[in-house]
Each structure stands twice: as C-alpha cells, then as structure tokens.
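In: next come a sequence and a model predicted from it.
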Amino acid sequence: MNLFFFLVIMLFACFYQGLTGFGSVLIAAPLSLLVLDQFTFVTSFTVIGLVMNAFLFWKIEQPLNLTLLLPLCLASVIGMPFGIWVLKAAPTNLIEIIAGSLAILSTLIISFTKISLPRIKFLTAIAGLFSGVLQTSISMAGPPVVILLAAIDGEKNEMRKTLVTFFLFMNIISLPFFFFSKTLTLQRVSIGFFALPFVFLGAYLGNKIVEKIPQKTFRLLALVTVCISGLVSIYSGLLH
C-alpha cells in the first residue's frame with residue numbers, strides 16, 4: 001500500500017514537472033515522507049529526478065539557450081561549497097525562513113511591479129550562485145532560477161528547457177556525493193527504478209498539456225509555485 005501511494009505521488013509530481021519544468025519535489029517530498037524514510041526518499045528521488053529531467057530534456061522541442069544555461073551551471077557549482085558552509089554556520093530553520101521569505105518577496109515584486117530584468121550574464125550568474133548555495137544548504141535550488149527566468153520574460157518552453165537542463169546538471173553533480181556518503185543502496189535505488197513507468201507517464205502528460213496553456217498563465221503558475229515553495233520553507237523553519 002505504501003509503495004502504491006508513493007507511485008501515485010510520483011505520477012502527479014512528474015506531471016507537474018512536465019508542465020512547469022520544476023516543482024516536482026514540492027509535491028513529492030512532504031507526501032512521500034509520510035510513507036518513506038528521508039534517506040530512501042532522497043536516494044530514490046535522485047534516480048527519478050535524473051531520468052525525469054533527461055526525458056523532458058529530450059521531449060521539450062526548444063533549442064538550448066547556452067547564454068542562460070552556462071552561467072547558471074558554473075555559478076551554481078561555485079555556490080555549492082558556500083551552501084555547505086552556511087549550513088554549518090547557521091541554524092537550518094533560520095536559513096529556511098530567510099530563503100522562503102526572499103522567494104515570496106521576490107515573487108510579489110515581480111508580479112505587482114511588472115519589473116523586467118535585462119538578459120545579462122552577471123544577473124544570471126547571481127541566480128545560479130544563490131541556487132547552488134540553497135541546493136547544498138536546504139535543497140531549494142529552484143526559486144532563484146525561476147524568479148530570474150520570469151523577470152527576464154522568458155518564453156514558457158525556453159523556461160522549461162532551461163530549468164530541466166539545469167536540474168539535470170544538478171542531479172548529475174549530486175550523484176558522487178550520494179555515492180561517497182554510502183546512502184546509495186540497492187533497495188533504495190530499486191524503488192526509484194520501480195517508479196519509472198509512472199515518471200515517464202506523468203512527465204509525458206505534463207509536457208503535452210502545457211502546449212495548451214497561454215504564456216501569461218504559465219508565468220503566473222511558475223510564480224505561484226515559487227510562492228508556495230517559499231511558504232513551505234517558512235513553515236518548515238518555524239516547525240523546527
């Protein structure tokens with residue numbers, strides 16, 4: 001029964017990732033942890049995330065914007081060690097509250113002031129840097145990149161292609177950490193592989209349906225997701 005519940009969660013989480021290019025962990029983490037321990041979820045979802053983002057990278061028919069992608073990826077790698085330092089130097093709950101508050105504040109500013117940022121490498125690198133810091137501190141890499149893409153008025157397929165490629169890169173980078181920490185066990189990995197048919201189905205359906213969603217609605221959906229992510233982060237911080 002627990003496994004079936006997990007598979008249904010993966011179906012919906014991957015559907016949402018196929019739709020927006022991010023946000024699957026926002027659905028998957030809180031619900032999956034009701035039936036799986038943290039190490040099993042994180043390990044299995046690493047496999048799922050790797051396959052899901054590779055599949056969406058292939059399915060989203062949009063050329064890669066390397067001007068956006070390269071600064072994001074390079075800066076995120078630079079930010080990862082700082083995230084580990086922040087995690088050691090500050091309480092996790094404080095980091096979650098600050099990060100969540102900044103995500104919500106940035107979303108509200110972009111939504112209500114109609115702000116539009118220029119497409120320059122410096123701003124892209126800043127977003128990537130913050131993403132790397134948040135990835136290794138509280139596993140919240142998405143909001144800085146989504147906020148940047150929304151603020152530069154990225155077209156929905158450009159946003160989705162950039163996001164899934166960026167997260168695929170993050171998945172690959174994180175694999176050695178899991179390997180050397182010895183959290184990758186056959187049992188944990190097998191749960192991820194067992195879920196793959198549901199992963200493909202959810203991601204495929206999300207990718208098909210997004211074609212019918214207007215650009216403005218997609219942008220609003222992306223910003224609402226960031227806002228919800230911020231609220232969840234604040235709640236998690238206050239809870240601990």
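Out: Thanks, I have the structure now.
In: got any ranges where this structure has weak pLDDT?
Out: Filtered on pLDDT under 70, the chain yields the residue ranges 1, 114-115, 138-139, 177-187, 240.
In: phi, psi of the most centrally placed residue in it?
Out: When Cα atoms, centre = their mean is applied to the chain, the residue found nearest the centroid is Gly142 (4.1 Å). With angles defined as degrees, to the nearest 10, Gly142 sits at phi -70, psi -50.
In: check contacts around it.
Out: Phe22, Gly23, Val25, Ser131, Leu163, Phe167, Val226, Ser229 (Cβ atoms under 8 Å, 6 or more residues apart in numbering). Every residue, glycine included, has its C-beta placed from N, CA and C.
In: which among those gets closest to Gly206?
Out: Gly23 (10.2 Å; Cβ to Cβ).
In: relative to Val146, how far out is that closest one?
Out: Distance, Gly23 to Val146, using Cβ to Cβ, to the nearest Å: 9 Å.
In: shared neighbours, these two?
Out: Here Gly23 and Val146 have Thr225 as joint contacts, going by Cβ under 8 Å, 6+ apart.
In: helix or strand for Asn157, which one?
Out: Using DSSP states H and E, Asn157 falls within helix 156-180.
In: check which helices and strands that helix sits against.
Out: Applying 3 or more Cβ pairs under 8 Å, 6 or more residues apart in numbering; DSSP states H and E, we find helix 156-180 packed against helix 2-20, helix 38-59, helix 66-89, helix 121-138, helix 142-151, helix 215-239.
In: let's see that with 7 Å instead.
Out: When contacts are defined as 3 or more Cβ pairs under 7 Å, 6 or more residues apart in numbering; DSSP states H and E, helix 156-180 sits against helix 38-59, helix 66-89, helix 142-151, helix 215-239.
In: so what's the gap between the first one and the chain middle?
Out: If I follow you right, that is helix 38-59. 11 Å (Cα atoms, centre = their mean, to the nearest Å).
In: ok, now the third one?
Out: Taking the mean of its C-alpha atoms, helix 142-151 sits 11 Å from the chain's own mean (Cα atoms, centre = their mean).
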